[in-house]
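Trainee: Got a sequence here, can you model it:
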Amino acid sequence: MNDLADLLTPEGRALLDQVRGTAPADELAVATRLRREHPAELVSAALGQARLRQRAAAKFGAEDAERMFFTPNGVEQSTRASVAAYRAERLKALGVTSLADLCCGIGGDAIALARAGIRVLAVDRDPVTVAVARANAEALGLGELIEVREADVMEVSTDGYDAVFVDPARRGGRGRIFDPEAYSPPLSWAVEAARKAPHAALKVAPGIPHEAVPGDAEAEWISDGGDVKEAVLWFGTEPRAVRATLLPGPRTLLGRGLPDPQVRPVGRYLYEPDGAVIRAHLVAEVAEELDGGLVDPTIAYVTADELRPTPYASSYEITDQLPFNVKKLKALLRERGVGILTVKKRGSAVEPEELRRKVKPQGPGSATVFLTRVAGAPTMLVGAPARSASG
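Mentor: Residues are numbered from 1 along each chain as shown. Predicted structure coming up:
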C-alpha cells in the first residue's frame, strides 16, 4: 500500500517513466544509478512495478499495461483483456447499464465493463487490491464510471443493479482450487447472489464438472487464441444452454444435445477440436458439421474423408497410421527427411519431448505425429496441417 502511494506521487510517476522497459540484466545498474537521487525503497518499488507491467502486457496490451498498476497476484489472476471485453459486450447486449463486480481484483473486468459504457461498483476485501483497482480506474480515465469499495462481498447489497459479476478466488495457499465450494466465496453463495439480479455472470474454472452447473444457468467455455481461459455461468439468458466461444472473433458454437459421435476408421483428415469445444462437450456438434466420427470412443479427435474448414477445430491431413512403435516411426521420419517434428498427444502416456529425443528428427521436412488410441489400440498418426484447395 505504501509502495503504491509513493508511486502515485509526482516523484514516483517520474521514476516509473525512467525505468520503463528496463531489462532484468540491467536492473542492478539502473537501481544503483537512481538511488543516488531517490530513496532506495521508491527505486525498488518502481523497478518492481516496471517488471509487473512487462508481464501484464500479454494480458492487457502494452499501452494499458504501461499506465496501470499491478500486484503479483493481480497479474497472475486477472482476466485477459480480450476475454473481459467480450464478456462486457455480452452484458451490454443484454441491456445492462449498471453492474456489481464482486471480487474485482485489480479491476481488469471493471475496466472492460466501463469501456462498454456500464457503470460499475467494484468490490474487494483486500485493501492493497482495492487501492490498485482505484488507481487503475483513474489511470485509464474511468474513475467516473467505476466506484471501488473495500468490503466483504458477502455483505454488499446489489439491489438496484442490472447485473452481478462474481469472480471468486480459485487459488489458495496450496495452489489451484478444484472444488467449487472451496472457492472464496463458495460457488453456492455466488449462485444465490446471481439469482437476485436480473442478469449475472459467474466466472469459474474451465474444469468445472458439468453436473455442478445449476439447472437455471447457461454454461459458456471461452478460449482465446486456442487456449481455454475460463468458463462462465450466465443467469437471465438461456437456462441449460451450453456454448463454446472462441476468441478472437467471437465465434460461438451452441450445443444441440447431440448423442456421442460414432467411432469410425481413420480417414484422410484428422480434426483437433478447440479446447473450449472439448470442455463444453460439443465435439458431437463439430463431428456432425464435418460429417466425421471419432477415432476412439474416449478420445476427442474427429476423423473425416473430406476437408471442410471450421473455426472450431484444427485440421490435419494424415499420411500414415502405425501401431505405437518408436523404431518404425524413427525409420519413417528418416525416410521422409523430417527434421521439424510436432508431437501431439491425447490418450497416451508418452511425453512428446521424450519421443522427440528418441527419434532424433533430422532433415528439411516437417511433420506432425499424434500419439493416441484408435479403437482402443495405442496408435501413431503421422501427417501435416491440412491446406484447402485455395490455400
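Trainee: all contacts plus neighbour counts: C-alpha atoms, from now on.
Mentor: OK.
Trainee: and the helix ranked longest in the chain, what does it pack onto?
Mentor: Counting residues, the longest helix found in the chain (DSSP state H) is helix 40-60. If you count contacts as 3 or more Cα pairs under 8 Å, 6 or more residues apart in numbering; DSSP states H and E, helix 40-60 packs onto helix 2-7, helix 10-19, helix 27-34, helix 62-65, helix 72-77, helix 81-93.
Trainee: Select, out of these, the one closest to Ala50.
Mentor: helix 10-19 (6.6 Å; Cα to Cα).
Trainee: what distance separates that closest one from the centre of its chain?
Mentor: 32 Å (Cα atoms, centre = their mean, to the nearest Å).
Trainee: same thing with stretch 260-278?
Mentor: With Cα atoms, centre = their mean, you get 23 Å for stretch 260-278.
Trainee: what's the average pLDDT for the longest helix of the chain?
Mentor: Averaged across helix 40-60, pLDDT comes to 95.
Trainee: what's in contact with it?
Mentor: 3, 6-7, 12, 15-16, 19-22, 27, 31, 34-35, 62-66, 68-72, 75, 79-82 (Cα atoms under 8 Å, 6 or more residues apart in numbering).
Trainee: Equivalent analysis for stretch 303-311, please.
Mentor: By Cα under 8 Å, 6+ apart, stretch 303-311 touches 251, 264-271, 290-295, 315, 386, 388.
Trainee: ok, Leu282 - how many residues close by?
Mentor: By other Cα atoms under 10 Å, the residues close to Leu282 number 26.
Trainee: just the helices and strands packed on helix 40-60: most buried one?
Mentor: helix 81-93 (a mean of 19; mean count of other Cα atoms under 10 Å).
Trainee: what angle do it and helix 40-60 make?
Mentor: Angle between the axes of helix 81-93 and helix 40-60 is 60 degrees (criterion: axes from the mean of the first three to the mean of the last three Cα atoms, to 10 degrees).
Trainee: helices or strands up against helix 81-93?
Mentor: Counting by 3+ Cα pairs under 8 Å, 6+ apart, helix 81-93 packs on helix 40-60, helix 108-115, strand 218-224.
Trainee: Quick one: end-to-end distance for stretch 272-283.
Mentor: The first and last residues of stretch 272-283 sit 10 Å apart, counting by Cα to Cα, to the nearest Å.
Trainee: gap between it and the chain center?
Mentor: 14 Å.
Trainee: Likewise for stretch 306-318?
Mentor: That offset, for stretch 306-318, works out to 23 Å (Cα atoms, centre = their mean).
Trainee: buried sites along that stretch?
Mentor: Neighbour counts over stretch 306-318 (16 or more other Cα atoms under 10 Å) mark Leu307, Tyr312, Ala313, Ser315, Tyr316, Glu317, Ile318 as buried.
Trainee: Quick check: the two most widely separated of these?
Mentor: Tyr312 and Ile318 (18.8 Å).
Trainee: Now do the helices for the stretch 151-300 of the chain: every range, in order, please.
Mentor: Here the stretch 151-300 of the chain has its helices, by DSSP state H, counting those that start in this stretch, at 187-195, 275-279, 283-290.
Trainee: Deepest-packed of those helices, please.
Mentor: Highest mean neighbour count among the helices of the stretch 151-300 of the chain (mean count of other Cα under 10 Å): helix 275-279, a mean of 25.
Trainee: can I get the CA coordinates of that one in PDB?
Mentor: Extracted as PDB, the C-alpha positions of helix 275-279 are listed here (Å, rounded to 0.1, in the frame of the first residue of the first chain):
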ATOM      1  CA  GLY A 275     -10.200 -26.800 -26.100                       C
ATOM      2  CA  ALA A 276     -13.400 -24.800 -25.400                       C
ATOM      3  CA  VAL A 277     -15.300 -27.200 -27.600                       C
ATOM      4  CA  ILE A 278     -14.000 -30.200 -25.700                       C
ATOM      5  CA  ARG A 279     -14.600 -28.700 -22.300                       C
END
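Trainee: For that helix, which helices and strands make contact with it?
Mentor: Partner elements for helix 275-279 (3+ Cα pairs under 8 Å, 6+ apart): strand 218-224, strand 227-235, strand 242-247.
Trainee: Nearest to Leu113, out of those strands?
Mentor: Going by Cα to Cα, the one of those nearest Leu113 is strand 227-235, 15.7 Å.
Trainee: contact partners of the closest one?
Mentor: By Cα under 8 Å, 6+ apart, strand 227-235 touches 194-195, 198-206, 208, 213, 216-223, 275-276.
Trainee: In the chain, where is pLDDT below threshold?
Mentor: For the chain, the stretches flagged by pLDDT under 70 are 1-2, 171-177, 388-391.
Trainee: what residue lies at the spatial centre of it?
Mentor: In the chain, the residue lying closest to the centroid (Cα atoms, centre = their mean) is Lys229, at 1.8 Å.
Trainee: what about the nearest residue to Leu113 once chain neighbours are set aside, distance to Leu94?
Mentor: Nearest non-adjacent residue to Leu113, counting by Cα to Cα, 6 or more residues apart in numbering: Ala88, 5.0 Å away. To Leu94, Ala88 is 10 Å away according to Cα to Cα.
Trainee: got TSV for the helices and strands packed on helix 275-279, with distance to Leu381 too?
Mentor: Output for these, formatted as TSV (distance: least, Cα to Cα, whole Å):
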stretch	distance to Leu381
strand 218-224	26
strand 227-235	23
strand 242-247	27
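Trainee: Go through the ones you listed and name the closest to Val153.
Mentor: strand 227-235 (18.3 Å).
Trainee: show me the contacts for Arg243.
Mentor: Counting by Cα under 8 Å, 6+ apart, Arg243 touches Ala219, Glu220, Trp221, Thr252, Leu253, Leu254, Gly255, Val277, Ala280, Leu282.
Trainee: What residues are recorded as beta-bridge partners of it?
Mentor: Glu220, Leu254 (DSSP bridges).
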